[in-house]
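1. Sequence and predicted model, in that order:
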Amino acid sequence: MPTPSIATETLPGRPAVAPFAGRRIRAAVVGAGAIARGSHHPALARLAEEGETEIVAAVDIAEEAVRDFCATAGIPHAYTDLDRMLEEQRPDLVAVCTPPTLHRQQTVAALRAGAWVWCEKPPVPTLADFDAVEAAEGGDQGPYASIVFQHRFGSGARHVRRLISGGALGRPLVAHCQTTWYRNADYYAVPWRGRWATEGGGPAMGHGIHQMDLLLDLLGPWSEVRAMAGRLVHDIETEDVSTALVRFASGALATVVNSVLSPDEVSRIRVDCERATVELTHLYGHRNDDWRITPAPDVPDAEAAGWRDFGEDVPSSHLAQLRDLIASMRAGERPRSSGADGRTSLELISALYKSAFTDTTVRAGEIGPGDPYYTALHGGAPGWAPAAPGAHAASGPREAPDPSGTGGTTGETAPGAGQEVSA
């Protein structure tokens with residue numbers, strides 16, 4: 001997607017807050033790749049069937065791809081220019097389905113055109129980018145930019161969050177957050193994978209962010225992190241495995257593991273509270289049956305049975321989050337996964353990298369303007385920052401976590417606007 005020209009004010013004639021009451025919300029999709037076709041469009045189309053939304057346009061730098069997408073999906077207007085689409089169609093909601101390096105500019109352009117934004121994860125490559133997006137949001141009634149963290153949504157996460165926040169399970173004490181997946185050499189043979197400039201980070205950023213975000217949503221603010229990262233197998237710039245110890249403001253302690261080296265793939269969260277253990281085991285999405293609650297021996301059976309009653313099964317999904325977002329738009333309220341609430345997982349990931357690459361404990365709120373990790377997740381750390389163009393590329397996999405090379409230069413071609421970089 002070309003770099004959009006960013007207006008300095010809302011488009012002429014466009015009200016600061018769209019009058020959504022009594023009408024469908026006009027939506028546009030930016031990026032015509034797999035994540036748009038497989039997740040965003042189906043969710044928008046389902047709500048269109050229910051009279052909530054109307055998909056008016058799609059945008060992609062690849063004209064053939066966007067025309068095919070529109071023809072297949074029944075979207076009336078295809079564009080290759082984001083600014084032109086915003087001016088001509090004036091959507092109420094823009095779904096950003098492009099690589100993370102484009103998210104900041106495209107999101108800001110949409111916000112300044114008066115549209116709310118639903119942006120695929122990872123949100124943006126750095127905290128500096130996130131703060132720029134938040135600064136472009138509207139006032140008390142929006143528009144706002146919400147990040148796709150669909151694992152927070154659905155009946156299972158909602159039920160457990162209420163049990164923990166309401167104190168029914170007692171204080172959270174110990175937690176484990178695991179994203180152990182498998183990606184082989186062919187996966188990283190794609191030139192833009194494993195590079196800071198195009199993926200934003202390694203498995204901590206591109207794979208484990210969902211489980212870390214859900215853990216934070218369940219347990220609340222974190223206070224400090226101590227981490228390690230390694231490049232154990234793949235010849236890439238980023239890490240291929242990381243581990244972290246996290247202390248929460250409540251005093252709870254957690255371990256976090258993010259890996260693309262694990263043949264037995266699983267996504268798991270476990271929280272040991274005073275009165276029960278809650279465990280979620282799944283891979284790319286969860287339902288009620290994926291949650292298990294084990295009460296302490298002294299908990300009455302009737303109370304434990306109540307905890308295990310999750311109600312109607314609403315799977316975690318883009319659709320579940322979109323329903324919540326549309327409700328926020330109609331109410332003129334900041335949606336979940338936006339602003340400070342949407343920033344928390346990116347702040348933890350930034351701190352994880354800083355801790356791993358500097359061998360220090362990093363505290364919440366420590367990374368801000370002037371800190372190298374505020375503007376780049378590698379922080380310019382020797383052995384981790386991208387090699388200068390023309391520098392000799394490292395060869396072969398690493399057998400130890402010592403980052404003795406960067407695994408290549410930054411001169412490869414990045415993905416197009418229609419290619420998502422998420423897992």
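-> Nice, I can see it.

2. partner residues bridging residue 177?
-> Counting by DSSP bridges, residue 177 is bridged to residue 256, residue 269.

3. thought it was touching residue 253?
-> No. The criterion here is Cβ atoms under 8 Å, and residue 177 misses it with residue 253 at 11.6 Å. Where you see a C-beta, it was placed from the backbone N, CA and C, and this is true even at glycine.

4. higher neighbour count, the two?
-> More crowded of residue 177 and residue 253, by other Cβ atoms under 10 Å: residue 177, with 26 against 15.

5. what's near enough to touch the more buried one?
-> Going by Cβ atoms under 8 Å, 6 or more residues apart in numbering, residue 177 touches 208, 211-212, 215, 254-257, 268-269.

6. Buried only: go through these for me.
-> 208, 211-212, 215, 254, 256-257, 268-269 (16 or more other Cβ atoms under 10 Å).

7. Dump those to CSV, plus distance to residue 155 and pLDDT.
-> Below are these laid out as CSV (distance: Cβ to Cβ, whole Å; pLDDT from 0 to 100):
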residue, distance to residue 155, pLDDT
208, 23, 97
211, 18, 98
212, 21, 98
215, 18, 98
254, 24, 98
256, 25, 98
257, 27, 98
268, 19, 98
269, 16, 98
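
8. and residue 86, helix, strand or coil?
-> Of the three states, residue 86 takes helix under DSSP: H, G, I helix; E, B strand; the rest coil.

9. Quick check: the gap between the residue lying closest to it once chain neighbours are set aside and residue 189.
-> Spatial nearest neighbour of residue 86, excluding adjacent residues (Cβ to Cβ, 6 or more residues apart in numbering): residue 113 at 4.0 Å. Distance, residue 113 to residue 189, using Cβ to Cβ, to the nearest Å: 38 Å.

10. Out of those two, name the residue with the larger neighbour count.
-> Neighbour count, other Cβ under 10 Å: between residue 113 and residue 189, residue 113 has more, with 24 against 9.

11. Any regions of the stretch 1-150 of the chain where pLDDT drops low?
-> Low-confidence segments of the stretch 1-150 of the chain, defined by pLDDT under 70: 1-19.

12. 90 instead, please
-> 1-19, 21-22, 139-141 (pLDDT under 90).

13. any chance you could map the helices in it?
-> 34-35, 41-49, 63-73, 82-89, 100-112, 127-135 (DSSP state H, counting those that start in this stretch).

14. tell me the contacts of the most centrally placed residue in the chain?
-> Closest to where the C-alpha atoms of the chain average out (Cα atoms, centre = their mean) is residue 121, at 2.9 Å. Shown in contact with residue 121 (Cβ under 8 Å, 6+ apart): 147-149, 209-210, 422.

15. Burial check on residue 234, number of neighbours?
-> There are 23 residues near residue 234, going by other Cβ under 10 Å.

16. I'd say it and residue 194 touch.
-> Yes. Using Cβ under 8 Å, residue 234 makes contact with residue 194 at a distance of 6.2 Å.

17. still on that earlier bit, please tell me how far the residue nearest to residue 86 sits from residue 371.
-> Taken as Cβ to Cβ, the span from residue 113 to residue 371 is 32 Å.
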